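Trainee: Make a model of this:
(one chain, ligands or ions: 1)
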Amino acid sequence: MHDHPANSWESRAARYSLYGFTDLPSVAERGTVVLTHGEGPYVFDTNGKRYLDSNSGLWNMVAGFDHPNLAEAAKAQYDRFPGYHAFFGRMSDQTVELSETLINVSPFPRGKVFYTNSGSEANDTMVKMLWFLNRAEGRTQARKILTRKNGYHGVTIVSASMTGKPYNEVFGLPLDGFHHLTCPHYWREGQEGESEAAFTQRLGAELEAVIQAEGADTIAGFFAEPVMGAGGVIPPPEGYFQTIQPILKRHGIPLISDEVICGFGRTGETWGATTYGFTPDALISSKNLTAGYFPMGAVLLGPELSDRMQVAIDGIGEFPHGFTASGHPVGCAVALKAIDLILKGGLMDRVRAGAPRMQAGLAEIATHPNIGELRGIGYMWALEAVRDRASRQPFEADLSISERIANTCTDHGLICRPLGQSVVLCPPFILSDAEMDEMFDKLDAALKQVFAGLA
Ligand SMILES: *Cc1c(COP(=O)(O)O)cnc(C)c1O
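Mentor: Predicted coordinates:
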């Protein structure tokens, strides 16, 4: 147990707050890290200790923690018009501006946008749209949703059902009708002697078989992250989207790209779909959309789904869905500024320029015999720890290897995220070369310390 006094920030946090997605043994031993403010890519705790946050908060604080333009955009909009909804035929001017901007920067020649407060709600909204339009078209049985094991799509009941993680069993999820296909991770899932291309073909064959078994007319959509984020930073195997998209098209199943992490620059392009050379039927955006300065999510429908939604809405008279804060004017003003900074203000250019340096620095660290795989793209990377590199044998689960590494990094003043047997590095786009070197040095020192203790 940690020995923080009863009136400390750490003890007060524990007394009154429930923790989500938190390794409780680590908190019990170390106490909560209570943060007060940030500067660039750094955050500071109540004891004045500074941490380089190599996870951009939760992937989203890509402009750092004190970007003046984002705070100014929020302040100006709060002064002008601090809140409004998007119901009953009304919406703020900022909402109009943002929708137009989003479609202009989307891969779609035209389309429609719908707003939520989070990525989870955006995925739920997309599923409701698919169910709504299928019913309006008389296809009431077309409700099943396909995703992949290890895919992360959120925590609301539908998006948790889409998420392919075993931890949702504690809620009795997934709901019926949510199917999780093989995780497209060649290093872990590829078979003995199977080439990466053959692995991709096998995943394509599995998709075809599932569609045949379930019936194409019972499936409403296939959702995929271009690069799996919370599944452990898993880029698709060679030719993956080029293999699965034609299968989905042939069966009339929409492909929805969950771009909550990849969208707006994380892979070095505006969309992960662009990086991997495919055009989905719809995009889900959140996280970087406001650079983390406002909670917001969005569904972007391409031309075909927009048209089908419009026909369905015209037939029924309305789309009975929306959140009180959908299209919040402050959120929209912040998003407009964030998109401008990322796409025109040079933040995405920094990812492109810095990605080779990031890869090279991590590749050097990954030469350690207890690192089994380095994987990623742009500014999203993971190092996976192994007991034995040749056999890819993981560390024993009770060693909580990634928590040990992340906790040791925290001691060194570096925040990185434990994920399964991996640690994730996804720094803010503003990171300087010197800050990137600091990240490498601290990570390397922490890894060596942890592995030496387990040798
Ligand atoms: C974070 C995330 C979500 C969920 O977003 P919330 O805002 O946490 O609800 C959905 N999809 C992906 C790919 C994510 O990374």
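Trainee: from the stretch 201-350 of the chain, which residue is nearest to the ligand?
Mentor: Proximity of the stretch 201-350 of the chain to the ligand (Cβ to the nearest ligand atom) peaks at residue 260, 3.4 Å away. For glycine as for every other residue, the C-beta is placed from the backbone atoms N, C-alpha and C.
Trainee: Roughly how far does the closest residue to that residue other than its chain neighbours sit from the ligand?
Mentor: Nearest residue to residue 260 in three dimensions, chain neighbours excluded: residue 119, at 3.9 Å (Cβ to Cβ, 6 or more residues apart in numbering). For residue 119, the distance to the ligand equals 2 Å [Cβ to the nearest ligand atom, to the nearest Å].
Trainee: swap in residue 85?
Mentor: Residue 85 is 20 Å from the ligand, by Cβ to the nearest ligand atom.
Trainee: Tell me how far the residue lying closest to that residue once chain neighbours are set aside lies from residue 112.
Mentor: Distances taken as Cβ to Cβ, 6+ apart place residue 324 nearest to residue 85, at 5.9 Å, with adjacent residues excluded. Distance from residue 324 to residue 112, counting by Cβ to Cβ, to the nearest Å: 20 Å.
Trainee: so what are the domain limits for this structure?
Mentor: The record assigns the chain these domain ranges, following automatic domain parsing: 33-66+348-454, 70-343.
Trainee: end to end, how far does the shortest one reach?
Mentor: From the first residue to the last, domain 33-66+348-454 extends over 26 Å; the measure is Cα to Cα, to the nearest Å.
Trainee: Residue 375 should be in a strand, yeah?
Mentor: Yes. When DSSP: H, G, I helix; E, B strand; the rest coil is applied, residue 375 is found to be in a strand.
Trainee: now it: how far from the ligand?
Mentor: 17 Å.
Trainee: residues contacting that residue?
Mentor: Taking Cβ atoms under 8 Å, 6 or more residues apart in numbering, we find residue 375 in contact with 187, 233, 234, 235, 381, 382, 384.
Trainee: Check residue 381 too.
Mentor: Applying Cβ under 8 Å, 6+ apart, the residues near residue 381 are 233, 358, 359, 362, 374, 375, 424, 425, 426.
Trainee: Local confidence estimate at the spatially most central residue of the chain?
Mentor: Centroid-nearest residue in the chain: residue 261, 3.2 Å away (criterion: Cα atoms, centre = their mean). Note on residue 261: pLDDT of 98.
Trainee: could you say which helix or strand contains it?
Mentor: Residue 261 belongs to no helix or strand when assigned by DSSP states H and E.
Trainee: My guess is it contacts residue 58. True?
Mentor: No. Between residue 261 and residue 58 there is no contact under Cβ atoms under 8 Å: 9.4 Å.
Trainee: Overlap in contacts, those two.
Mentor: Counting by Cβ under 8 Å, 6+ apart, the residues touching both residue 261 and residue 58 are residue 287.
Trainee: Quick check: residues of this structure near the ligand?
Mentor: 118-120, 123, 152-154, 225, 229-230, 258, 260-261, 286-287 (Cβ under 6 Å from any ligand atom).
Trainee: Kindly write the ChimeraX command that selects the buried subset of the contacts of residue 381.
Mentor: Here the buried members of these are turned into a ChimeraX selection, burial being counted by 16 or more other Cβ atoms under 10 Å:
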select :233,358,359,362,374,375,424,425,426
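Trainee: Just the contacts of residue 381: which are in helices?
Mentor: If you go by DSSP state H, these have 358, 359, 362 in helices.
Trainee: Let me know the closest of those residues to the ligand.
Mentor: Looking across the ones in helices among the contacts of residue 381 and measuring by Cβ to the nearest ligand atom, the closest to the ligand is residue 358, at 19.6 Å.
Trainee: Can you name the secondary structure element that comes next after the helix or strand bottoming out on mean pLDDT in the chain?
Mentor: Ranked by mean pLDDT, DSSP states H and E, the weakest helix or strand in the chain is helix 24-30, scoring a mean of 86. Counting by DSSP H and E, the next helix or strand C-terminal to helix 24-30 is strand 35-39.
Trainee: tell me the mean pLDDT over that next one?
Mentor: The model assigns strand 35-39 a mean pLDDT of 98.
Trainee: For residue 147, pull up the helix or strand it's in.
Mentor: Per DSSP H and E: strand 144-148 holds residue 147.
Trainee: okay, the ones in helices among the contacts of residue 381 in TSV with distance to residue 38 and pLDDT next?
Mentor: Formatted as TSV, these follow (distance: Cβ to Cβ, whole Å; pLDDT from 0 to 100):
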residue	distance to residue 38	pLDDT
358	21	98
359	26	98
362	24	98
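Trainee: Take those and lay them out in JSON lines including distance to residue 432.
Mentor: JSON lines is the format used below for these (distance: Cβ to Cβ, whole Å):
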{"residue": "358", "distance to residue 432": "12"}
{"residue": "359", "distance to residue 432": "17"}
{"residue": "362", "distance to residue 432": "17"}
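Trainee: so where's this protein shaky on pLDDT?
Mentor: 1 (pLDDT under 70).
Trainee: what's the closest non-adjacent residue to residue 440?
Mentor: residue 361 (4.4 Å).
Trainee: residue boundaries of the helices in the stretch 51-200 of the chain?
Mentor: Assigned by DSSP state H, counting those that start in this stretch, the helices in the stretch 51-200 of the chain fall at 56-59, 68-80, 93-105, 119-136, 157-162, 186-189, 196-214.
Trainee: With only the CA atoms kept, save the first one in PDB.
Mentor: Coordinates of each C-alpha in helix 56-59 appear next as PDB, following Å, rounded to 0.1, in the frame of the first residue of the first chain:
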ATOM      1  CA  SER A  56      -0.800  12.300 -26.000                       C
ATOM      2  CA  GLY A  57      -3.200  11.900 -23.000                       C
ATOM      3  CA  LEU A  58      -5.400   9.100 -24.500                       C
ATOM      4  CA  TRP A  59      -4.100   9.500 -28.100                       C
END
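Trainee: what sits up against that helix?
Mentor: Here helix 56-59 has contacts from 41, 62, 65, 229, 261, 266, 287-288, 292, 380, 426-428, using Cβ under 8 Å, 6+ apart.
Trainee: Show me which residues of it are buried.
Mentor: 56, 57, 59.
Trainee: Same check on stretch 149-159?
Mentor: Quick answer for stretch 149-159 (16+ other Cβ under 10 Å): 149, 150, 151, 152, 153, 154, 155, 156, 158, 159.
Trainee: Ends of it, what's the gap?
Mentor: Note: stretch 149-159 ends 13 Å apart using Cα to Cα.
Trainee: what about it, distance to the chain center?
Mentor: 11 Å (Cα atoms, centre = their mean, to the nearest Å).
Trainee: Stretch 187-201 too?
Mentor: 25 Å.
Trainee: how long is it end to end?
Mentor: Note: stretch 187-201 ends 15 Å apart using Cα to Cα.
Trainee: Show me which positions of that stretch end up buried.
Mentor: 189, 190, 199, 200.
Trainee: Return the member of those nearest to residue 168.
Mentor: residue 189 (20.3 Å; Cβ to Cβ).
Trainee: All set now, cheers.
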